[in-house]
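1. The following comprises the amino acid sequence and a computationally predicted model.
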Amino acid sequence: MTILFISDLHLSPNRPDITQRFLHFIDQHACHAEKLYILGDLFDFWLGDDDDSDFANTIRTAFLSLTQIGVECYFIHGNRDFLVGKKFSQQTGVVLLEEECKIDLYGCPAILLHGDTLCVEDVKYQEFRAKVHQPWLQWLFRRIPLFIRKKIVRNIQGQARDDKKSKSLAIMDVTTSEVSAVMQKHQVEVMIHGHTHRPATHDIALHSGSGRRIVLGDWDECGYLLSVTEQGFKTEILKDDR
């Protein structure tokens, strides 16, 4: 059987091409897997589980179709979809995981996470992240009328784009020492994450030897997935004409 990993789809009603790419992936690839892990930023921004738009319901239906045929689906929050909650899980069968999740990949222990917590040199972002992950603030935001939430999100997204332009690529990337610390804390030799939109496999020096950090790609221009079987790890690019 196959275990699949994806991240950084940034699904949005403004990008129907990515939504169709995702639905094709569900119908042609994920349906044949044993498990599917989504490592954050599935949505460009999730307004809350009370979003009853056609777009939101389409995504819910796609996941429900998977879990109903026995594909186990797991989700780690990203920096864009931290408001995905218990109701979404109940409606879809998708299991919500902690921000760092250790799993076994056919005898190989691995740590999964979105990846934003590894970018410790981006102090401004980490301060913002700490604020929006406060339970009381999330509770309050969910109770604001949906149309007001949409306006707030548009402002936040605009500020984030402007802020990103002024930052160096090095600051927005992961900090190697933090990667090593997380891997050693969980005693793993493999880390899988997204967030940076820089797909690659990196060798990591650990006290116990060497490890691998596998970075997933985003879905802006094509689908990107990591498949793991007993035979090993394989990345795959999904083009729209497939």
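-> Right, received. Where do you want to start? Small disclaimer: the values here were computed from a predicted structure and weren't measured. Numbers count the residues shown, from 1 in each chain.

2. Point to the residue nearest the middle of this structure.
-> With distances taken as CA atoms, centre = their mean, the residue of the chain nearest its centroid is residue 40 (1.6 Å).

3. And the nearest residue to residue 150 once chain neighbours are set aside, how close does it get to residue 37?
-> Sequence neighbours aside, residue 47 is the residue nearest to residue 150 in space, at 6.5 Å (criterion: CB to CB, 6 or more residues apart in numbering). Glycine gets a C-beta too; all of them are placed from N, C-alpha and C. Applying CB to CB, to the nearest Å, the value for residue 47 to residue 37 is 23 Å.

4. These two - which one has more neighbours?
-> Neighbour tally, residue 47 and residue 37, criterion other CB atoms under 10 Å: the higher count belongs to residue 37, 24 against 20.

5. Around residue 201, how many other residues sit close by?
-> For residue 201, the neighbour count with other CB under 10 Å is 13.

6. who touches it in this structure?
-> 212-215 (CB atoms under 8 Å, 6 or more residues apart in numbering).

7. Just say helix, strand or coil for it.
-> Counting by DSSP: H, G, I helix; E, B strand; the rest coil, the backbone at residue 201 sits in strand.

8. Return the set of residues that bridge with it.
-> residue 214 (DSSP bridges).

9. How about residue 72?
-> residue 35.

10. In the protein, where is pLDDT below threshold?
-> 157-172, 241-242 (pLDDT under 70).

11. one more time with 80, if that's ok
-> 153-172, 208, 240-242 (pLDDT under 80).

12. Could I get the full set of strands for it?
-> 3-6, 35-38, 72-75, 95-96, 101-105, 108-112, 190-193, 200-206, 209-215, 223-229, 232-238 (DSSP state E).

13. neighbouring contacts of the second one?
-> It stands for strand 35-38. Against strand 35-38 from outside (CB under 8 Å, 6+ apart): 3-7, 9, 30, 66, 71-76, 94, 112, 192.

14. go on, the third one?
-> Contacting residues not belonging to strand 72-75 are listed as 34-38, 42, 63, 66-67, 84, 89, 92-97, 101 [CB under 8 Å, 6+ apart].

15. For those residues, which ChimeraX command selects only the ones that are buried?
-> Those of the contacts of strand 72-75 that count as buried under 16 or more other CB atoms under 10 Å are selected in ChimeraX with:
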select :35,36,37,38,42,63,66,84,89,92,93,94,97,101
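
16. From residue 226, how far out is residue 212?
-> 12 Å.

17. more neighbours, those two?
-> Neighbour totals were compared for residue 212 and residue 226, and residue 226 leads with 23 against 17 (other CB under 10 Å).

18. was I right about the more buried one contacting residue 4?
-> Yes: counting by CB atoms under 8 Å, residue 226 touches residue 4, with 7.1 Å between them.

19. now the contacts of residue 201: which count as buried?
-> 212-215.
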